[in-house]
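Visitor: Compute the structure for the input listed below.
(chains A and B)
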Amino acid sequence: GQSLEQPSEVTAVEGAIVQINCTYQTSGFYGLSWYQQHDGGAPTFLSYNALDGLEETGRFSSFLSRSDSYGYLLLQELQMKDSASYFCAVITSGTYKYIFGTGTRLKVLA
Amino acid sequence: GAVVSQHPSWVICKSGTSVKIECRSLDFQATTMFWYRQFPKQSLMLMATSNEGSKATYEQGVEKDKFLINHASLTLSTLTVTSAHPEDSSFYICSASPPGQGFDSPLHFGNGTRLTVT
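Guide: Now for the predicted structure:
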């Protein structure tokens, strides 16, 4: 089977740094993406890792370790608008399907 | 660019009826579109991969006779929920990417359809 596990909920205060982990087990792996989804809205793309290491995009960074089947999303200088659900997604090799993780609900407190 | 439009945004139907949801790529041609279902506070579950000009590929456990997918053109895929029941009530969302773009480019999502079956 395929599984992508994330913590269900994370709470932090404005200005803080938070890390959202993702461990995956899939039949084939091409890369790992991260998406943000506000309640009632569509997911929006945040980042993508195909190779091991850290990718930085503004306040958001994403890390991948293919050998450990693990990645994380790092959010810095948290803002209230960052309160949302965050999903990791594996792009499977061969079939090129996007399989989404269990999702992490981030609450940013004032 | 790369806009995906989904219609309707919400629909209420009676048990036993069928509902059609449209997903359009407005400014690009999409040979492949993905259909997801999302229950409240849960993940996006891939239902099927819609392929233009050929049959859709359904994920394990998804009834292809209940969730009919048609991808008749490069800009339109439709999902029809047949003989809907209350347990089919969910948020259905489609996605696509312009061809030729790498996976480091976004998967573009429609705004989703909230289906309520009474």
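Visitor: so how far is residue A:8 from residue A:26?
Guide: Residue A:26 sits 20 Å away from residue A:8, going by CB to CB, to the nearest Å. C-beta coordinates here come from the backbone N, C-alpha and C atoms, glycine included.
Visitor: More neighbours: the two, which one.
Guide: Per other CB atoms under 10 Å in any protein chain shown, whichever of residue A:26 and residue A:8 has more neighbours is residue A:26, with 18 against 11.
Visitor: just checking, the more buried one touches residue A:91?
Guide: No: using CB atoms under 8 Å as the test, residue A:26 is too far from residue A:91 to be in contact (9.3 Å).
Visitor: In chain B, what residue comes closest to chain A?
Guide: Taking CB to the nearest CB as the measure, the point where chain B comes nearest chain A is residue B:106, at 3.4 Å.
Visitor: Thought residue A:45 was touching that residue, still the case?
Guide: Yes: between residue B:106 and residue A:45 there is a contact under CB under 8 Å: 3.4 Å.
Visitor: For these two, list the residues in contact with both.
Guide: Shared contacts of residue B:106 and residue A:45 (CB atoms under 8 Å, 6 or more residues apart in numbering or on different chains): none.
Visitor: Show me the strands in the chain, by range?
Guide: As the question left the chain open, I've gone with chain A. Along chain A, counting by DSSP state E, strands occupy A:3-5, A:9-13, A:18-25, A:31-37, A:44-49, A:53-57, A:60-65, A:70-75, A:84-91, A:98-100, A:104-109.
Visitor: nope, chain B please
Guide: B:4-7, B:10-13, B:19-25, B:32-38, B:44-51, B:57-58, B:67-73, B:76-81, B:90-96, B:108-109, B:113-117.
Visitor: could I get those strands as JSON lines with mean neighbour count and distance to residue A:87?
Guide: Output for the strands of chain B, formatted as JSON lines (neighbours: other CB atoms under 10 Å in any protein chain shown; distance: least, CB to CB, whole Å):
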{"stretch": "strand B:4-7", "mean neighbour count": "18", "distance to residue A:87": "17"}
{"stretch": "strand B:10-13", "mean neighbour count": "14", "distance to residue A:87": "22"}
{"stretch": "strand B:19-25", "mean neighbour count": "21", "distance to residue A:87": "19"}
{"stretch": "strand B:32-38", "mean neighbour count": "23", "distance to residue A:87": "10"}
{"stretch": "strand B:44-51", "mean neighbour count": "21", "distance to residue A:87": "7"}
{"stretch": "strand B:57-58", "mean neighbour count": "17", "distance to residue A:87": "22"}
{"stretch": "strand B:67-73", "mean neighbour count": "17", "distance to residue A:87": "22"}
{"stretch": "strand B:76-81", "mean neighbour count": "22", "distance to residue A:87": "21"}
{"stretch": "strand B:90-96", "mean neighbour count": "24", "distance to residue A:87": "12"}
{"stretch": "strand B:108-109", "mean neighbour count": "24", "distance to residue A:87": "11"}
{"stretch": "strand B:113-117", "mean neighbour count": "19", "distance to residue A:87": "19"}
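Visitor: Rebuild the ones you listed as CSV, extending it with mean pLDDT.
Guide: Converted to CSV, the strands of chain B look like this (pLDDT from 0 to 100):
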stretch, mean pLDDT
strand B:4-7, 95
strand B:10-13, 96
strand B:19-25, 96
strand B:32-38, 94
strand B:44-51, 93
strand B:57-58, 94
strand B:67-73, 92
strand B:76-81, 96
strand B:90-96, 95
strand B:108-109, 92
strand B:113-117, 97
